[in-house]
Structure formats: structure tokens, C-alpha cells
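In: Can you look at this prediction? I've put the sequence above it.
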Amino acid sequence: MDMKIRKSILKIGIVSALLTAVLTVDSCKEKTFLDVTDPDALPTSGFPTRLDDLDLMLIDLYGRMRNGYFNSGLFNKIGILPDHTADQGYNGADFNQYALLTTLPSDGPLGQLWGGHYENVIRCNSFLEAAERIRLTLVTADQKKQLDVLEGQALFIRAMNYFYLVNFFGETMITGEADKAKMGVPLWTSVATDIVSTSKERATIGQNWDLIIADLKKAETLLAGKTWDIANKPRVDIWAVKSFLGKAYVFTQNWAAASTTLKEVVDQSGKKLVTYDVYRTMFNGMNEFNSESIFEVNFTPDRKDVWNNTLNSSTQYGIFISPSFLEDDGKAEGTNGFGNLFVHDENLDRFGFTDNTTATEDMKKPAYFQMSVKLRQEKKVDPRMLVGTLQPWVDSIFVAEKWRKVTKNRSEGFPLTANQAFNHRKYVLLDRSVWSGESESLGNNMYFLRLADVYLLYAEALIRTGNTAGGLEYLNKVRRRAYSQPIDAPSAFDYKTLTDKTTALGAGDHLANDPLKYERWAELFAEGQWWFDVARWKLGEKETAYYKKVKAGTLVWNDRKYAFPIPEREMLNNPKMKQNPGY
């Protein structure tokens, strides 16, 4: 059964059988007094017992990737507000504290993030225990190999869930050996069998990463040489495992291992950076699973998924960040979704667009349009601004059967008269309407790993191991693609040193002469990656000084903000839990 067919299974999920006591009475020995058998339930005695059963469980694990960081109701806050990719036009609960980084243990989204990923971990553990039981019944080498492939995918998924848990809730990210002894998150590698075993103390940061790396190294062995056909392309393959393992080595500062592992992906995977034209659309439901893609969280449109119910298979993230546009009368402004979030104005200066026009009437003037187009044509602004943003009164989207000019992003509670209010472009719909019946949910895949990220991680590892020239070359490969240059040939846009001038032109921007950090920011903009770089490079104070404020208020930095607080419910339910410092 291929992944396309199995998509429908995600909408049902894997139902756990309920163990019930059989009630009997002395006067009725030949029949049960109360039969509570559910004919539609999967009995624990009969499921899972076969490889096909395990594959159904595995598909459930893939589906649950959207039950955590990639859940649209979490990513629209935690994915793009703490790192100031976005500012909010919506003055509402949950949004303000993530933009200001004033999160509290009682914040609902934090509980969802923690609970979602731990639920996923539990499901992974259940799968892995079932796999070991079934392994004892297998006879042929082919069956055992099939099980290896299934198990390798589950280990990757468990590692992915722990990756987000430790990076959001661990006391710190690793900047030196001493950090490995600080508080990480509790580790469950088996299913709890009683109430006592549901409470665990926090493992260390080092122990968290040891498990992530061990899972990936085992998956590397189990999935050795494994690639997939077109029907199964959403699955984890060997190159996804190696890429993730290389990233784990970077995050743990094992630079030699990172360099070796990532070089395998670069040299042997057959992956290639796509052209700039493909790059511009591969976040918008087009050109998915392309030559650059390494692992995508796979979504499919689902008309039943109006409010992002986690039993279904689509996402609403692109609706939360939807662009605004000019209506038919040439006066009214509509939005292709909710449009609650706009691109923080300071990001425009960082892309090299230093014009500060904010008045709508001035933006509508031909002079503004001509100036903007000229900057693009002359590549005075980083072309990745055009990948991640839609500029008011310059760009257009296709909505309700016609091209419509984009306007300033919609606001709800905060006035945007003093803001440029560029719209988001990554992961939004560009070619159809949301509310007109064409689609009430989105199938735009979201990237967990792609080759440009691997190139930048590899560049960092090369630089850290003393190969500055090699590191610069891989930074430049990524930059050349952005500027539509041949990827493997020197260009006029290349960096010559690690302190060369970047495109960042904002006053006091610490990325102005830091190509490594700038390239990660610009290339992965709005993909939910930058916060982890801010935290591992300890850039919080510098970023706060640069962005200065959000619509909800003035930004104030405190180092405790590198780690989110442990959710209140976990603190109450787990007597062994300790809170992060400062909360």
C-alpha cells in the first residue's frame, strides 16, 4: 500500500483497544452478563501482529508530525514570532507574549507544544516495542529487512520530536562542554506501564542529544541505501537520516563528525539546489519533493479541516499569515485567509530594502513602484526577499480568477499606519482563493530539511574545523542560487572573507559583516529555523537591540528567554519536574 492510498487512513488514525473487565453472574454461566465488545475496535490480541499492521502505525506517526511544532496554531506563534520574522496586526492572547518573549508556564500553546511532541514520542515508543515483538516471529531475511526499514523511520521521527523538545525547553543550547550537564527534558524510551513510571526527572542536555544521535545512527544502519519510489516520496530515506544526523552534530558542536556526515550528503545523495524560479514557488504547494528537498512534513488539502482538526491531513498555517489584496472596486481590501501576521519591518532593511515608506497613498504612487522594481532588477535587495515576502502595491497574487495587487497586510487590533506591513509569501496560497470554496485548508508542505540548509551547516562545520575556503564556497553556492548565478562558478556576488559585507543595511545590524549568520537568516527566512540559530549562537541581546519593538511593545532581553518555561500542567502533574531558571 503506497503513501497516497494511506493518506485516507490518517483521517481515521490508529485506535487503541480498551481493555474491559468481563462481568459475570452466577445465575448466567453460559453467557456474559454484559458484552461491551466494540466490533469496530482493533483488539489488542490481534493488533499489531504483522508488518502491514506496523506500517499502519508508522503512517499514524507521520500524520502526527502536524501535532506539535508544525501544527498551524502553534507555528503561527512559536515558529515566527519569537525570532521576529513576523510582527502581529492581531492584538490577542497568545500572540503578544510570543512576539515580546514574555511567555509563562500557564500559556496554552506551550502546553500544546510539550504535550503534542510527548504524545508523538509515546506513539513512537509503542511502535518500537511492537516492532521488537513482531521481529521474534519473522522468518525470512526479506521480512526482517522490511522491519528494519519501518523501524528506521520510527527512530527518525522520535529523534525529530525530541529535537524540538530539547531545543525549546532545554535549559540551554550547547555552547560548550559544560552545557551538556544542564537540564534537558525527560526521556521516555518505553511505554509507561503504571502511574509511578509516568513521572520522570529531567535528563541532561547531553543525555537528550545522546538519545537523538543514537536513534539517528541506528536509523542510519537500518535504512542503509534506502530510497523510495514516487508513491512513497514523503517517507524518511537514508539521506534524510544522514542530513539530520549532521545537523545534530552541528548543534552539539561535534564539528569533525558534522563535516564528515554532511559531506556524504553533499557528495553522494544526488541532491541539487533547484533554480531560483523553482525556489520561489516550492513553498506554495508547487514543486514539492524537488531535487533540493530532503524531508518535508507532508500535508494534503482536506475540506473537512476548516479549523485544523488534528485527525485530518492538512494545515491552516498559510491562512493565518495570508496576504491582503485589492478588491474589484479598487478601494476595498480583502485577505486570502485571516492575515493576522505581517513581516516585521526591520527584516526589510536586513534584506537590503531601506526605503521606509509607510503611507498607503505614497506606496500607491508610480514612483514607489518604479523604485522597488529597479532595486530588484539591479539586485540591490537580496532576491530572497521576493521569496519570503509580498510587497504592498508592487506584487500581485491570483485570487478569484484574476491577478490582484497586494496591499498592506490586514490588521486587527493594532493600527499599521506607521508600518510597511509587507505580507508573508512562504507557505501561503498564491494562485487561488481560500474562502470562495476552492480550498478551506492547505496542502502546502513544510520543510524540515533541504539541501540549502545542509550546505550552510556544512559550511559552518568546515569553518569550525579550519577550512575557511571550503566554508566560504558553500556559503557562496547558496548565495549564487539566490542571485540566479551558476552555483559552482565564482560570481560577482561572492563573499571573499567571513567578515565581508552582507546585504543587511539596517542601522547597527550585527549581521552586516557576518556572512555565515546572514546566509542562514536570509535563506531559511520564515521557515521556523532562525530561533534555534539565535539560541545556539546566543544572539538574543543583539537581535533585541536590532528589532527594538513589536506592535505589542518594546522588546526587552533576558537570557532566560533562550529556554521556554516548562508548562504549568507538567509542573503540577510531575513531582520530579524542575522549572527552567527565571520562571
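Out: The structure has been received and is ready for your questions. Residues are numbered from 1 along each chain as shown.
In: gap between A257 and A482?
Out: Applying Cβ to Cβ, to the nearest Å, the value for A257 to A482 is 29 Å. For glycine as for every other residue, the C-beta is placed from the backbone atoms N, C-alpha and C.
In: now do L150
Out: As judged by Cβ to Cβ, L150 and A482 stand 38 Å apart.
In: and if you look at F169?
Out: Separation of F169 from A482 (Cβ to Cβ): 34 Å.
In: what does P366 give?
Out: Distance, P366 to A482, using Cβ to Cβ: 28 Å.
In: And S411, by the same measure?
Out: For S411 relative to A482 (Cβ to Cβ), the value is 30 Å.
In: picking that back up, so for A257 and A482, which residue has more residues nearby?
Out: The neighbour count for A257 versus A482, taken as other Cβ atoms under 10 Å, is higher for A482 (23 against 17).
In: quick one: the more buried one and Y518 touch, right?
Out: No: between A482 and Y518 there is no contact under Cβ atoms under 8 Å: 11.4 Å.
In: got the contact list for the residue nearest to L326 when sequence neighbours are not counted?
Out: Distances taken as Cβ to Cβ, 6 or more residues apart in numbering place K405 nearest to L326, at 4.7 Å, with adjacent residues excluded. By Cβ atoms under 8 Å, 6 or more residues apart in numbering, the residues touching K405 are F325, L326, W393, D395, S396.
In: Could you report the neighbour count for the fourth one?
Out: A total of 18 residues lie near D395 under the criterion other Cβ under 10 Å.
In: my guess is it meets T407, correct?
Out: No: between D395 and T407 there is no contact under Cβ under 8 Å: 10.2 Å.
In: ok, now how distant is H344 from W530?
Out: Remark: distance between H344 and W530 (Cβ to Cβ) = 12 Å.
In: Is S243 in a helix, a strand, or coil?
Out: Three-state call for S243 (DSSP: H, G, I helix; E, B strand; the rest coil): helix.
In: Need the three-state assignment for V274.
Out: coil.
In: Phi, psi for it please.
Out: The phi and psi values for V274, taken as degrees, to the nearest 10, are phi -70, psi 170.
In: pLDDT at it, what is it?
Out: What the model reports for V274 is a pLDDT of 98.
In: neighbours around it, how many?
Out: Neighbours around V274, by other Cβ under 10 Å: 20.
In: go on, I212?
Out: I212 has 26 nearby residues by other Cβ under 10 Å.
In: Would you agree it falls within a strand?
Out: No: counting by three-state DSSP, one finds I212 to be helix, located in no strand.
In: ok, for it, nearest residue in space, not its chain neighbours?
Out: Computed as Cβ to Cβ, 6+ apart, the closest residue to I212 that is not its neighbour in sequence is A159, at 4.6 Å.
In: Can you tell me how far that neighbour is from P323?
Out: Counting by Cβ to Cβ, the separation of A159 from P323 is 35 Å.
In: Look at the two and report which has more neighbours.
Out: More crowded of A159 and P323, by other Cβ under 10 Å: P323, with 31 against 25.
In: now the strands for the chain?
Out: Assigned by DSSP state E, the strands in the chain fall at 86-88, 293-297, 324-326, 333-335, 341-343, 389-390, 396-399, 402-405, 423-424, 446-450, 549-550, 553-554.
In: Include mean pLDDT when you put those strands into TSV, please.
Out: Formatted as TSV, those follow (pLDDT from 0 to 100):
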stretch	mean pLDDT
strand 86-88	95
strand 293-297	98
strand 324-326	95
strand 333-335	91
strand 341-343	97
strand 389-390	98
strand 396-399	94
strand 402-405	94
strand 423-424	97
strand 446-450	98
strand 549-550	98
strand 553-554	98
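In: R133: which of those strands is closest?
Out: strand 293-297 (28.2 Å; Cβ to Cβ).
In: and that closest one with strand 446-450, angle?
Out: On the basis of axes from the mean of the first three to the mean of the last three Cα atoms, to 10 degrees, strand 293-297 is oriented at 150 degrees to strand 446-450.
In: what's in contact with strand 293-297?
Out: Contacts to strand 293-297, defined as Cβ under 8 Å, 6+ apart, come from residues 65-66, 70, 234, 236, 239-240, 243-244, 265, 269, 271, 282, 288-289, 445-451, 453-454.
In: if we go to 10 Å?
Out: Strand 293-297 is contacted from outside by 62, 65-66, 68-70, 156, 160, 233-237, 239-244, 265, 269, 271, 274, 282, 287-290, 315, 444-454, using Cβ atoms under 10 Å, 6 or more residues apart in numbering.
In: Could I have the buried ones of those as PyMOL selection syntax?
Out: This is how PyMOL selects the buried members of the contacts of strand 293-297, with burial counted by 16 or more other Cβ atoms under 10 Å:
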select buried, resi 62+65+66+68+69+70+156+160+233+234+235+236+237+239+240+241+242+243+244+265+269+271+274+282+287+288+290+315+444+445+446+447+448+449+450+451+452+453+454
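In: Inside helices: which ones of the contacts of strand 293-297?
Out: Among these, the members found in helices (DSSP state H) are 62, 156, 160, 239-244, 265, 451-454.
In: least trustworthy helix or strand in this structure by mean pLDDT?
Out: helix 3-10 (a mean of 41; mean pLDDT, DSSP states H and E).
In: Can you name the residues that contact N513?
Out: The contact partners of N513, taken as Cβ under 10 Å, 6+ apart, are T497, L498, T499, D500, K501, T502, A504.
In: Weed out the non-buried ones from these.
Out: Buried among these by 16+ other Cβ under 10 Å: T502, A504.
In: Same list (the contacts of N513) but as a markdown table, adding pLDDT and distance to W557.
Out: Formatted as a markdown table, these follow (pLDDT from 0 to 100; distance: Cβ to Cβ, whole Å):
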| residue | pLDDT | distance to W557 |
| --- | --- | --- |
| T497 | 98 | 29 |
| L498 | 98 | 26 |
| T499 | 98 | 25 |
| D500 | 98 | 28 |
| K501 | 98 | 26 |
| T502 | 98 | 23 |
| A504 | 96 | 19 |
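In: for the contacts of N513, which one is nearest E541?
Out: Nearest to E541 out of the contacts of N513 is A504 (Cβ to Cβ; 17.2 Å).
In: didn't that closest one look like it was pressed against V381?
Out: No: look at A504 against V381 with Cβ atoms under 10 Å: they stay out of range, at 11.1 Å.
In: burial measure for G508, as a count.
Out: By the measure other Cβ under 10 Å, the count of residues near G508 is 9.
In: er, P82 I mean
Out: Neighbour count for P82, taken as other Cβ under 10 Å: 24.
In: How about A418?
Out: Neighbours around A418, by other Cβ under 10 Å: 11.
In: Give the residue spans of the stretch 1-150 of the chain that score low on pLDDT.
Out: 1-45 (pLDDT under 70).
In: before we move on, back to that, can I get the strands of the chain in TSV including distance to N574?
Out: Output for those, formatted as TSV (distance: least, Cβ to Cβ, whole Å):
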stretch	distance to N574
strand 86-88	32
strand 293-297	29
strand 324-326	44
strand 333-335	42
strand 341-343	33
strand 389-390	42
strand 396-399	47
strand 402-405	51
strand 423-424	37
strand 446-450	29
strand 549-550	33
strand 553-554	33
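In: what's the overlap in contacts for A482 and Y518?
Out: Common contact partners of A482 and Y518 (Cβ under 10 Å, 6+ apart): D382, T503.
In: P48 reaches I134, doesn't it?
Out: Yes: the criterion here is Cβ under 10 Å, and P48 meets it with I134 at 6.8 Å.
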